[in-house]
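A.B. asks: no FASTA, just this:
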């Protein structure tokens, strides 16, 4: 009973581990009349699709997998195929280069110095391809080769050591255990590989080797469950299930927000937890109490809703944190409200669920950066008429280099930065909080603010975002207050706006820039950015420069960048060549936005009520 159920169990569970794989300044140009300055769009390379994008996790599951092939034996195709492996070659998932690993294998091979390469190499995922070939052709030599590869690794990298430190970390160990489960799904493991499996399981059961409250930890638990159920090892399954219960309330909180601070990883965790829970129930050695399963289901349903809110009208997720720009999201939850505000750090909204040309926006705030998060507090993104307009720096890979540091930093995000005398003590990175919000069918108002640390007073930034859905207009009001001996006083701030790389941004008059799409098929509308000081309605100069953003794995492109400086800054982002009139009367600034069709929309700013 256990043997037959083990193969069925292994066939399905690993799909949870295969879910997701998954800028600075140039010469400053001051906006001036008569089309004086233009930042040209950089030619955009073809993006890496989600299925091709290499990550530290296994690739997306197949759309229609062959159910006769154990799913623990999938996840190898991005590293080549049998004819290459027979020649001692493996494809590096990051560089796509053919890497000669030798025959016998040199387990220290890492010519690209990629952080992902050792995970794949020592995870032995590519060796599963030989098992797959055995199942499809009956070629016993292929199965023997998979066993030979596992034995070679066990003989050369048996004990954790400095020389093979990368092989003995949570991720490759869990993948390696899964590879042994793949072999065991089709044949009785030889004694030496059974011993190897036990060593890997015991290593993962040691709490000092466990990556708690993280997707890597979930993958460790999954490998313990599938191998433990397969080998009738109750302690392996018990350890994994205990950890899963302890971690789940942190992985997915009561509001349905994932703790990894990246929309792409929210999607991954949703799929991984769904599959892990479904499959653990199929194991004779584990059971989930009904009330526990009900709470898991409730939170995972809310996480799915979160993923839908984080999905732009083009079907791709807004790339917050370590998320690729083309990460496919969820588009089938059109019954949800158009706005979602999460106390835990996110606000999303859209003008429609059905219209592909709808506007979509996001605001980030919340706890300090951790896991896959970026220093993106108070950052805004804006999508309209089928294209990204104001963008996040996104994600290009995990290599520890200047590109990675830049994409994580505030410089890669549309977030105000304290400048001048207070810059040295500006609170970054830190925490921020939602101080107020309001939403109805036509408009959403969100105010977020830095949270003051207990031991030291530092400048606090405040951003109010007002979104008008009928006109697809987004307005921000940014200000900051720095500490003094008698209290606080206004601090100067710099408000950057990064446009998508396929826009040509032109400073056509003081306080206004236009963004023309470089693709003529999308150039029908020209988004505009206006800037004013709300106290006197004077236009603020907008400096144009270039920044950087990710456009795929290890791919960065230049992006047009507009920067506004002041102590109080109003930014008005419109989806077309709108005009904006600002008038002050009795302490209230009135903004009147007139779009290309002549329709007008008004916004108001005063010292008491702020922006509304």
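C.D. replies: Right, received. Where do you want to start? Here the structure is a predicted model, which means the values were calculated and not measured.

A.B. asks: where does the protein dip in pLDDT?
C.D. replies: 1-71, 74-77, 161-163, 421-429, 455-456, 483-487 (pLDDT under 70).

A.B. asks: now do the helices in it.
C.D. replies: For the chain, the helices defined by DSSP state H occupy 2-13, 82-86, 117-123, 128-137, 140-156, 170-184, 191-205, 215-231, 234-251, 263-280, 290-309, 402-408.

A.B. asks: which neighbouring elements make contact with the longest one?
C.D. replies: I take that to be helix 290-309. Helix 290-309 is packed against helix 234-251, helix 263-280, strand 339-342, with contacts defined by 3 or more CB pairs under 8 Å, 6 or more residues apart in numbering; DSSP states H and E. Every C-beta, even on glycine, is put in place using the N, C-alpha and C of the backbone.

A.B. asks: run the last query once more with 6 Å
C.D. replies: Applying 3 or more CB pairs under 6 Å, 6 or more residues apart in numbering; DSSP states H and E, we find helix 290-309 packed against helix 263-280.

A.B. asks: that older thread, of all the helices of the chain, which lies closest to residue 470?
C.D. replies: Closest of the helices of the chain to residue 470 is helix 290-309, at 19.9 Å (criterion: CB to CB).

A.B. asks: contacting residues around the closest one?
C.D. replies: Residues from elsewhere that reach helix 290-309 (CB atoms under 6 Å, 6 or more residues apart in numbering): 252, 256, 266-267, 270, 273-274, 277, 329-330, 333, 336, 340, 348.

A.B. asks: residue 103 - how many residues pack around it?
C.D. replies: Residues lying near residue 103 (other CB atoms under 10 Å) number 12.

A.B. asks: contacts only, for it.
C.D. replies: Listed by CB under 6 Å, 6+ apart, the contact partners of residue 103 are residue 88.

A.B. asks: what separation do you get for it and residue 479?
C.D. replies: From residue 103 over to residue 479 the distance is 65 Å, taken as CB to CB, to the nearest Å.

A.B. asks: repeat for residue 513
C.D. replies: Using CB to CB, residue 513 is found at 21 Å from residue 479.

A.B. asks: of these two, who's got more company?
C.D. replies: Shown here are residue 513 and residue 479; by other CB under 10 Å, residue 513 has more neighbours (26 against 21).

A.B. asks: could I get the contacting residues of the more buried one?
C.D. replies: Residue 513 makes contacts with 31, 505, 507, 529, 542, 562, as judged by CB under 6 Å, 6+ apart.

A.B. asks: let's see it at 10 Å
C.D. replies: Taking CB atoms under 10 Å, 6 or more residues apart in numbering, we find residue 513 in contact with 31, 37-39, 497, 499, 505-507, 527-531, 542-544, 560, 562, 564.

A.B. asks: and what of residue 140?
C.D. replies: Per CB under 10 Å, 6+ apart, neighbours of residue 140: 134, 187.

A.B. asks: neighbours around the closest residue to residue 341 other than its chain neighbours, how many?
C.D. replies: In space, and not counting its chain neighbours, residue 341 is closest to residue 347: 4.6 Å by CB to CB, 6 or more residues apart in numbering. When neighbours are defined as other CB under 10 Å, residue 347 has 24 of them.

A.B. asks: what's the end-to-end length of stretch 582-598?
C.D. replies: Counting by CA to CA, to the nearest Å, you get 17 Å between the two ends of stretch 582-598.

A.B. asks: in this structure residue 449 contacts residue 430, no?
C.D. replies: No - with contact defined as CB atoms under 10 Å, residue 449 does not reach residue 430; the gap is 11.0 Å.

A.B. asks: counting neighbours, go ahead and name the busier of those two.
C.D. replies: Set residue 449 next to residue 430 and count neighbours by other CB under 10 Å: residue 449 wins out with 21 against 18.

A.B. asks: identify the residues contacting the more buried one.
C.D. replies: By CB under 10 Å, 6+ apart, the contact set of residue 449 is 365, 377-378, 432-436, 460-464, 479-481.

A.B. asks: show me the beta-bridge partners of it.
C.D. replies: Beta-bridge partners for residue 449, by DSSP bridges, are residue 433, residue 462.

A.B. asks: which one is residue 204 nearest to, not counting chain neighbours?
C.D. replies: That would be residue 220: by CB to CB, 6+ apart, it lies 5.0 Å from residue 204.

A.B. asks: go on, residue 311?
C.D. replies: residue 329 (3.0 Å).

A.B. asks: that neighbour and residue 360, how far apart?
C.D. replies: 11 Å.

A.B. asks: the more surrounded of these two?
C.D. replies: Legend: neighbour count by other CB under 10 Å for residue 329 and residue 360, higher for residue 360 (25 against 20).

A.B. asks: thought the more buried one was touching residue 314?
C.D. replies: Yes - contact criterion CB under 10 Å: residue 360 and residue 314 qualify, at 8.8 Å.

A.B. asks: mind listing the shared neighbours of these two?
C.D. replies: Common contact partners of residue 360 and residue 314 (CB under 10 Å, 6+ apart): 383, 388.

A.B. asks: any idea which of the contacts of residue 449 has the most stuff around it?
C.D. replies: That'd be residue 377 among the contacts of residue 449, by other CB under 10 Å, with 31 neighbours.

A.B. asks: now do the contacts for that residue.
C.D. replies: With CB under 10 Å, 6+ apart, residue 377 has these contacts: 345, 363-369, 410, 413, 415-416, 427-433, 448-451, 461, 463.

A.B. asks: distance to residue 440 added to the helices of the chain, as CSV?
C.D. replies: Shown next, in CSV, are those (distance: least, CB to CB, whole Å):
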stretch, distance to residue 440
helix 2-13, 45
helix 82-86, 59
helix 117-123, 48
helix 128-137, 53
helix 140-156, 60
helix 170-184, 46
helix 191-205, 50
helix 215-231, 37
helix 234-251, 33
helix 263-280, 26
helix 290-309, 17
helix 402-408, 36
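
A.B. asks: show me the one of those that comes nearest residue 93.
C.D. replies: Ranking the helices of the chain by proximity to residue 93 (CB to CB) places helix 117-123 first, at 5.8 Å.

A.B. asks: same for the closest one, what does it pack against?
C.D. replies: Here helix 117-123 touches strand 89-91, helix 140-156, helix 170-184, going by 3 or more CB pairs under 10 Å, 6 or more residues apart in numbering; DSSP states H and E.

A.B. asks: identify, out of the ones you listed, the most deeply packed stretch.
C.D. replies: helix 170-184 (a mean of 26; mean count of other CB atoms under 10 Å).

A.B. asks: got the angle for it vs helix 191-205?
C.D. replies: Here helix 170-184 runs at an angle of 150 degrees relative to helix 191-205 (axes from the mean of the first three to the mean of the last three CA atoms, to 10 degrees).
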